[in-house]
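Asks: Everything below, folded, please.
(one chain, ligands or ions: 1)
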Amino acid sequence: MMALHPEFQEICRKEIDQVFEDSLHSQHEDTLTFEALTNLKYVERCLLETMRLYPSGFAFMRYLKKSLNIDYKGKNVKVPAGTDIIIIPWVIHRSTQYYQNPELFDPDRFLPEQSAKRNSYSYLPFSAGPRNCIGQKFGMNEMKTVATYVLRNFEIGTTDKVEDVTLLPNITLTPERDYNFMFKRR
Ligand code: HEM
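Replies: As a prediction, this is how the structure comes out:
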């Protein structure tokens, strides 16, 4: 998504340069400290927005131990115990019930005040509840670190459009072929 959106890439790069500039005045010099990672707020918003549009865990299942009453099209429907349920973040993340212009890439949806307005189950890239992803924080920091070093050193472009590559519903969402990227060293 960064390669498709040079304007957001540039905002990230400014933030990244600032974070490294700040750390030059500290003992950590040119390394990305844990504290610096927490200051990369815009990079984080871009990653969150990317996972909204393309949740790698696009669907997961649950088994209902107890019956459940849900509101469905204004009617109260009882789902019996023993039902297998499929939760599909891909659909939830693109629902106009939760997101305005859901197809639009807009990192500011994840400004704290915007996120606070939404149902907390409207964003599920790491699932939710007691069996959610135990690697969520690690995964976020890993993605932030890779994105930061790439954007610090390169401007990225692509000749592809998202719709050029079919996404396969394997266990995780998998592109049918590699994307073409152009890397220009800064
Ligand atoms: C961007 C990176 C990642 C994404 C998007 C992701 C996503 C998810 C999702 C959606 C689930 C729930 C699956 C379900 O309910 O059926 C899950 C579960 C899990 N994830 Fe991740 N994950 C990521 C990184 C990691 C990492 C780095 C680790 C380990 C270090 C990890 C370990 C696990 C484990 C052990 C579970 C099963 C938890 C349970 O069933 O109690 N994940 N992950």
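Asks: Which residue ranges of the chain form strands?
Replies: 60-63, 68-72, 75-79, 84-87, 154-158, 167-169, 173-175, 181-185 (DSSP state E).
Asks: and of those, who's closest to the ligand?
Replies: strand 60-63 (3.4 Å; Cβ to the nearest ligand atom). Yep, even glycine has a C-beta here, placed from its N, CA and C like the rest.
Asks: thinking again about what came up before, would you point to the one among the strands of the chain that's packed deepest?
Replies: strand 154-158 (a mean of 16; mean count of other Cβ atoms under 10 Å).
Asks: on that earlier part again, now mean pLDDT and distance to the ligand too, for the strands of the chain, in JSON lines please.
Replies: Putting these into JSON lines (pLDDT from 0 to 100; distance: least, Cβ to the nearest ligand atom, whole Å) gives the following:
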{"stretch": "strand 60-63", "mean pLDDT": "95", "distance to the ligand": "3"}
{"stretch": "strand 68-72", "mean pLDDT": "92", "distance to the ligand": "17"}
{"stretch": "strand 75-79", "mean pLDDT": "95", "distance to the ligand": "18"}
{"stretch": "strand 84-87", "mean pLDDT": "96", "distance to the ligand": "8"}
{"stretch": "strand 154-158", "mean pLDDT": "97", "distance to the ligand": "19"}
{"stretch": "strand 167-169", "mean pLDDT": "94", "distance to the ligand": "14"}
{"stretch": "strand 173-175", "mean pLDDT": "95", "distance to the ligand": "10"}
{"stretch": "strand 181-185", "mean pLDDT": "97", "distance to the ligand": "19"}
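Asks: Nearest to residue 131 among those would be which one?
Replies: strand 60-63 (8.1 Å; Cβ to Cβ).
Asks: Name every strand pairing with the closest one and say which way it goes.
Replies: strand 84-87 (antiparallel) (DSSP bridges).
Asks: List the contacts of the residue lying closest to residue 9 once chain neighbours are set aside.
Replies: Leaving out its chain neighbours, the residue that sits closest to residue 9 by Cβ to Cβ, 6 or more residues apart in numbering is residue 2, at 5.0 Å. With contact set as Cβ atoms under 8 Å, 6 or more residues apart in numbering, residue 2 has these partners: 8, 9, 12, 46, 50, 147, 151, 156.
Asks: So what's the predicted local confidence for residue 2?
Replies: In this model, residue 2 is scored at 95, pLDDT.
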